[in-house]
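J.: the amino acid sequence is not available; the structure is as follows:
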């Protein structure tokens, strides 16, 4: 029997109410909703690094926050370690939630500016009694060294550290409660290119050494390709394609994935530019998503049948794509 | 804090000077601030009477020094209750939001609907003149500014990633408020408090002048100015010196406030 996945998200829905004026409410105008996630389903195996990729506004950040419980779920289930986080009693939920931690995008906002690094990391250790009180200091030093910082950093304030160092502190703080899942939301987007690779390697090392599972949210396909074994492509609040990164990137089965890959700028001008036409226009408003396939308004291959909801087409290699023509698209890439 | 801003050092130094004057000044002075001596009324400043004497022959210097006690007390007792009530309301309203926020902010709206001075004067008029009633009136009206400032700051800070991180790490609301939010929002209120203290001293002096605040013969700067009002052309020193004292104290507090604002900006922790 296959091992139970660490995280499985099943049919997750999230809608944000659109602000309407009081008058409009009294006049009986309908409430509009932003569809941030609709029927999102995917699983993340233990020790895996899963990449969530998509344009800005596609709902990938919301999805991360839903998984972490920072936002309430409207419908669907989030099973973590076999238990549905949305249905358990509050005490169990808190205990489960502590096993999921987050690495934030902005290293300048993720640390309390008035708290020394050492105290910020020691606080969760003390509160949850993760190590005996007399070993807290030692554990703080160990965590700092684990993320590649000198233990002397404990006495510093965040303002004395660089962006990359702060990001490392954020990771050390997240590791303090011994999580099983680390959600990294654009964790390297705010960093200098030179520091980016270091932090990526750190995350990868931690995953291997500590058996962490990584949910990595990014708009950067290169970073996803480098770090993630599995990828989920998001478009307008839905997941359109999911599978092993190498296969998905080599032979995308969804026209959106194909377009996304074609849009990667190539630094080498002698290299042939992709003959794909890049995506035109903006994604449709998530307030009023197109009926049927959400991508059909921008899809080069759209046909009449795309007005009906696309099926989830299972493909070889443990992949699937939400497109009527997934198999054809994938096979066309063979030539 | 490795490097103290110059304003902070200056402001702190001046304020410490004021406190020393208030505590030890009266002990070192031989005179009684309320003893009248009609033989020496309206004396211009001299060695015996450095600030001159008023119409009742009381030494203006002695009265101004004694008045320091009264006016510092006014600053303290007006600011502290308003600060404590206001930041607490702002903290709770801003953090928990929803109904708590709606109710407390409507209370704030009601309180700010009346001009500050008018409201204080009205309350003192009802309760009766005197410093104690003035403190009550200022607390009843003054907290709203602190509540607004704190709430506005919290609305920003509670969205910060480090607050989300604290939540993910399983910290309770009290811990998040006390350790992660309060230290980052209290600065604005503390800086405002120093300018508020200036305002309250003016208020105390104004009410003293109107006969609603400190009651004669208590030495209070506003009262002394009121005493000298009728003799301004003959004996400008009676009103002039306490006026100067008010200005100096206001400047000290402003420097302290500016210095605090500079010192507490976290970026300055950078060495």
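T.: Received, thanks. Every value quoted in this text rests on a predicted model; they were computed, and no experiment measured them.
J.: where does residue A:62 land in three-state SS?
T.: Recorded secondary structure, residue A:62: helix (DSSP: H, G, I helix; E, B strand; the rest coil).
J.: contacting residues for the nearest residue to it once chain neighbours are set aside?
T.: The shortest distance from residue A:62 to any non-neighbouring residue, by CB to CB, 6 or more residues apart in numbering or on different chains, is to residue A:36 (4.3 Å). C-beta: built from backbone N, CA, C; applies to glycine. By CB atoms under 8 Å, 6 or more residues apart in numbering or on different chains, the contact set of residue A:36 is A:14-16, A:59, A:62, A:237, A:286.
J.: ok, now which ones touch the residue nearest to residue B:148 when sequence neighbours are not counted?
T.: Once flanking residues are discounted, residue B:148 sits nearest to residue B:108: 6.2 Å by CB to CB, 6+ apart. The contact partners of residue B:108, by CB under 8 Å, 6+ apart, come to B:89, B:144, B:147-148.
J.: again with residue A:241
T.: Per CB under 8 Å, 6+ apart, neighbours of residue A:241: A:231-233, A:248, A:252-254, A:256-257, A:319-323.
J.: closest to chain B among these?
T.: residue A:232 (21.7 Å; CB to the nearest CB).
J.: what's the next secondary structure element after the helix or strand that closest one falls within?
T.: In the assignment (DSSP states H and E), residue A:232 maps to strand A:230-235. Using DSSP H and E, the next helix or strand after strand A:230-235 towards the C-terminus is strand A:238-244.
J.: state the next helix or strand along the chain beyond that next one.
T.: According to DSSP H and E, the helix or strand after strand A:238-244 is helix A:245-250.
J.: for residue 164, identify the helix or strand it belongs to.
T.: With no chain named, the answer covers chain A. Counting by DSSP H and E, residue A:164 is found in helix A:163-176.
J.: sorry, I should have been clearer: chain B.
T.: Per DSSP H and E: helix B:161-168 holds residue B:164.
J.: who are the packing partners of that helix?
T.: Applying 3 or more CB pairs under 8 Å, 6 or more residues apart in numbering or on different chains; DSSP states H and E, one finds that helix B:161-168 contacts strand A:100-103, helix A:163-176.
J.: kindly recompute the last result at 10 Å.
T.: helix A:60-68, helix A:90-98, strand A:100-103, helix A:117-127, helix A:163-176, helix B:173-175 (3 or more CB pairs under 10 Å, 6 or more residues apart in numbering or on different chains; DSSP states H and E).
J.: tell me, which of these is the model least confident about?
T.: Lowest mean pLDDT within the helices and strands packed on helix B:161-168: helix A:90-98, at a mean of 86.
J.: say whether chain B is contacted by that one.
T.: Yes: residues of helix A:90-98 are located near chain B by CB under 10 Å from any CB of the partner chain, namely A:94-95, A:97-98.
J.: show me which of the contacts of residue A:36 is closest to residue B:4.
T.: residue A:62 (44.9 Å; CB to CB).
J.: residue in the stretch 201-335 of chain A nearest to chain B?
T.: For the stretch 201-335 of chain A, CB to the nearest CB, closest residue to chain B: residue A:215, 13.4 Å.
J.: now do the contacts for residue B:145.
T.: Contacts for residue B:145 were tallied using CB atoms under 10 Å, 6 or more residues apart in numbering or on different chains; they are B:82-83, B:86, B:90, B:108, B:111-112, B:116, B:189, B:192-193, B:195-196, B:199.
J.: list buried residues within those residues.
T.: Among these, those buried by neighbour count (16 or more other CB atoms under 10 Å in any protein chain shown) are B:82-83, B:86, B:90, B:108, B:111, B:116, B:189, B:192-193, B:195-196, B:199.
J.: tell me the angle of the helix holding residue B:164 relative to helix A:117-127?
T.: 20 degrees (axes from the mean of the first three to the mean of the last three CA atoms, to 10 degrees).
J.: so how far is helix B:161-168 from its chain's centroid?
T.: The chain centre lies 36 Å from the centre of helix B:161-168; the measure is CA atoms, centre = their mean, to the nearest Å.
J.: now the angle between helix A:60-68 and that helix, please.
T.: 30 degrees.
J.: okay, angle between helix B:161-168 and helix A:90-98 too, please.
T.: 130 degrees.
J.: mean confidence for helix B:161-168?
T.: Averaged over helix B:161-168, pLDDT sits at 92.
J.: longest single helix anywhere in chain B?
T.: Assignment by DSSP state H gives helix B:60-96 as the longest helix of chain B.
J.: packing partners for that one?
T.: For helix B:60-96, the elements it packs on are helix B:6-28, helix B:98-113, helix B:131-157, helix B:182-210, helix B:221-229, helix B:237-264, judged by 3+ CB pairs under 10 Å, 6+ apart.
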